[in-house]
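Undergrad: Need coordinates for the following:
(4 chains)
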Number of protein chains: 2
Amino acid sequence: MHSATKRQREVWEFIRSRQERFGTTPSIREIAGHFGFLSPNAAQAHVQALRHKGLLKTHSRRARSAQVVDPHFPEGERPAIATIPIYGEIPAGLPADNSQENEGCVLIDVETLGIKPSARTFALKVRGDSMTGKGILDGDLAVVEHGIQPRAGDTVAALIDGRVTLKTFLMQRGKPYLRAENPRYPDLAPQEELQIQGVMVALIRKRK
Amino acid sequence: MHSATKRQREVWEFIRSRQERFGTTPSIREIAGHFGFLSPNAAQAHVQALRHKGLLKTHSRRARSAQVVDPHFPEGERPAIATIPIYGEIPAGLPADNSQENEGCVLIDVETLGIKPSARTFALKVRGDSMTGKGILDGDLAVVEHGIQPRAGDTVAALIDGRVTLKTFLMQRGKPYLRAENPRYPDLAPQEELQIQGVMVALIRKRK
DNA sequence: GCCGTTACTGGACATTTGTACAGTAATCGG
DNA sequence: CCGATTACTGTACAAATGTCCAGTAACGGC
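TA: Sure thing, here's the model as predicted:
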């Protein structure tokens, strides 16, 4: 009673693939057409069986309302996912959100990131070894949130000499200064014009 | 001509919210009903305008086929997203995919992770500082893929004394052994029964 | 004033769609 | 042999749905 038949799994997989590729799920007759059924009732019966087995949810009498049930979220409450553009090097000033200069995107749920869905967030490829003391390596992807106030100890993306680098943000006698987390790099004297591009809220590393 | 009207943005936002929350987009008459329109044509005109402005895509004569266009992926080819369960501590043996013992999930696109959508992948909260030399800190989330052959130098999740720990996988004279990336921890002699739970394919760190 | 745009009302029509009922055939376990 | 399950065919109907045509009203720019 719990698991579906082979045929039912095929129907389920068809609905799932359509949902993923086109965003809309097929109608009863489209399912029938795909499998060569001459009667809509054939597909109807399969959908009903899948619904009873908890693998599918449909709103009654609503067109194309079938939704495959994610085993991880049976309640249907899927977390919000943020689309974060990757900038190899941030241009001077504020990176435009719809810019074409990005090198792809990372998609990740906002809960893991700990950001608000409305946040202006972007990602940066880390270059160099100035932050190895804090576990930030060359090639890592730093997820940076723009427009929030850095706290002391935060890792921030700062604009220095026209280039963006990651540094630790610290306060000394009420004045902010930046520190590299590597003994081979010098601390940065407090600058008059400290351009903080954003605060690192997450880090993503991919196996090489 | 490029940007939408205030009213059109409202309609777009309504469609987007419904798509995100329920998976299905509203019908023309449901849009009309939500905004209090007495005629379906009012909503129809808005949808048509949004379509012409590239903010919406609909399949002709198909029920509930409206799909909001993601500015990051105007072509509509959204990357596949993996749902990765988080295990605080892996139980002995193979973690079941649909287990209730997980502590939430991470959702992230498979391209960033570099895994196949079919891969058996899970995440582990890193405890301790045995891998700080490789930039893996306490509290990090290690994304581990099960069932692939580790290469020398890979970070692996290994079962030692009934507990799972991250170590660097190395070969010495044809025999595998494990190394901790912290001088305060000893290397592990090659064990007869080396239980490799999986290979770390990615790392996710969240700001504390 | 006049024209174009935006934002609707009101009514209508052809399809699409979910759903239901009746029936057939194959398979499998007892 | 028989009942249950699975997997369909065939037909039908009411509701949902996309689409179209004919208007009306407000508003802003020239």
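
Undergrad: quick one: pLDDT of A:Ile115?
TA: A:Ile115 carries a pLDDT score of 89 in this model.

Undergrad: who touches it in this structure?
TA: Contact analysis of A:Ile115 by CB atoms under 8 Å, 6 or more residues apart in numbering or on different chains lists A:Ala82, A:Thr121, A:Glu145, A:Val201. Just so you know, the C-beta spots here come from the backbone N, C-alpha and C atoms, and that holds for glycine as well.

Undergrad: Which residue lies closest in space to A:His72, excluding its sequence neighbours?
TA: B:Thr83 (4.8 Å; CB to CB, 6 or more residues apart in numbering or on different chains).

Undergrad: For B:Gly114, see how far away that neighbour is.
TA: 16 Å (CB to CB, to the nearest Å).

Undergrad: More neighbours: which of those two?
TA: Neighbour count, other CB atoms under 10 Å in any protein chain shown: between B:Thr83 and B:Gly114, B:Thr83 has more, with 17 against 14.

Undergrad: helices or strands up against the helix or strand hosting that one?
TA: Here B:Thr83 sits within strand B:81-87, counting by DSSP states H and E. Under the contact definition 3 or more CB pairs under 8 Å, 6 or more residues apart in numbering or on different chains; DSSP states H and E, strand B:81-87 sits against strand B:105-109, helix B:110-113, strand B:120-125.

Undergrad: Tell me how many other residues crowd the closest residue to A:Ala32 other than its chain neighbours.
TA: Nearest in space to A:Ala32, with sequence neighbours left out and distances taken as CB to CB, 6+ apart, is A:Ala43 at 4.1 Å. A:Ala43 is flanked by 23 other residues according to other CB under 10 Å.

Undergrad: Mind checking if the one helix or strand A:Ala43 maps to is in reach of DNA strand C?
TA: According to DSSP H and E, A:Ala43 maps onto helix A:40-52. Yes - using CB under 7 Å from any atom of the strand, we find that helix A:40-52 touches DNA strand C at A:Pro40, A:Asn41, A:Gln44.

Undergrad: With respect to B:His52, which of these is nearest?
TA: A:Pro40 (34.1 Å; CB to CB).

Undergrad: Surely that closest one touches A:Arg29?
TA: Yes - with contact defined as CB atoms under 8 Å, A:Pro40 reaches A:Arg29; the gap is 5.0 Å.

Undergrad: Which residues of chain A lie near DNA strand D?
TA: Proximity of chain A to DNA strand D (CB under 7 Å from any atom of the strand) is limited to residues A:5-8, A:32, A:35-42, A:45-46, A:49, A:61-63.

Undergrad: for chain A, what spans make up the helices?
TA: Under the criterion DSSP state H, helices of chain A are mapped to A:6-22, A:28-35, A:40-52, A:110-113.

Undergrad: Comparing the ones you listed, which comes out most buried?
TA: Burial of those is given as mean neighbour count (mean count of other CB atoms under 10 Å in any protein chain shown); helix A:110-113 ranks first at a mean of 20.

Undergrad: Next one, pLDDT for the residue sitting nearest the centre point of chain A please.
TA: The centre of chain A sits closest to A:Ile108, judged by CA atoms, centre = their mean, with a distance of 1.9 Å. If you check A:Ile108, the pLDDT there is 95.

Undergrad: show me what contacts it?
TA: By CB under 8 Å, 6+ apart, the neighbours of A:Ile108 are A:Ile81, A:Ala82, A:Ile84, A:Val143, A:Ala202, A:Ile204, B:Val106, B:Leu107, B:Ile108, B:Asp109, B:Thr112, B:Ile204.

Undergrad: Identify the bridge partners of the fourth one.
TA: Think A:Val143. Beta-bridge partners for A:Val143, by DSSP bridges, are A:Ala123, A:Ala202.

Undergrad: How many residues are close by it?
TA: When neighbours are counted by other CB under 10 Å, A:Val143 registers 27.

Undergrad: Next: the second one.
TA: Applying other CB under 10 Å, we find 22 residues neighbouring A:Ala82.

Undergrad: List the contacts of the residue nearest to it when sequence neighbours are not counted.
TA: Nearest-residue entry for A:Ala82: A:Val110, 5.0 Å, with adjacent residues in sequence omitted and distances by CB to CB, 6+ apart. By CB under 8 Å, 6+ apart, the contact list for A:Val110 reads A:Pro79, A:Ala80, A:Ile81, A:Ala82, A:Lys116, A:Pro117.

Undergrad: roughly how far apart are the residue nearest to A:Glu181 when sequence neighbours are not counted and A:Tyr185?
TA: Leaving out its chain neighbours, the residue that sits closest to A:Glu181 by CB to CB, 6+ apart is A:Gly133, at 3.4 Å. Per CB to CB, A:Gly133 is found 10 Å from A:Tyr185.

Undergrad: Likewise for A:Ile108?
TA: Distance of A:Ile108 to A:Tyr185, computed by CB to CB: 30 Å.

Undergrad: One more: A:Asp154?
TA: To A:Tyr185, A:Asp154 is 18 Å away according to CB to CB.

Undergrad: in chain A, what spans have low per-residue confidence?
TA: A:1-2, A:89-102, A:161-162, A:189-193 (pLDDT under 70).

Undergrad: Dump the C-alpha coordinates for stretch A:110-122 into CSV.
TA: What follows is stretch A:110-122 as a C-alpha-only set of coordinates in CSV (Å, rounded to 0.1, in the frame of the first residue of the first chain):
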residue,chain,number,x,y,z
VAL,A,110,18.2,31.7,2.4
GLU,A,111,17.9,29.9,5.7
THR,A,112,21.2,28.3,5.3
LEU,A,113,22.7,31.6,4.3
GLY,A,114,21.0,33.4,7.2
ILE,A,115,19.9,36.3,5.0
LYS,A,116,16.6,38.0,4.2
PRO,A,117,15.2,37.2,0.8
SER,A,118,15.2,40.9,0.0
ALA,A,119,18.9,41.3,0.8
ARG,A,120,21.2,42.5,-1.9
THR,A,121,23.7,39.7,-2.0
PHE,A,122,26.4,38.7,-4.3
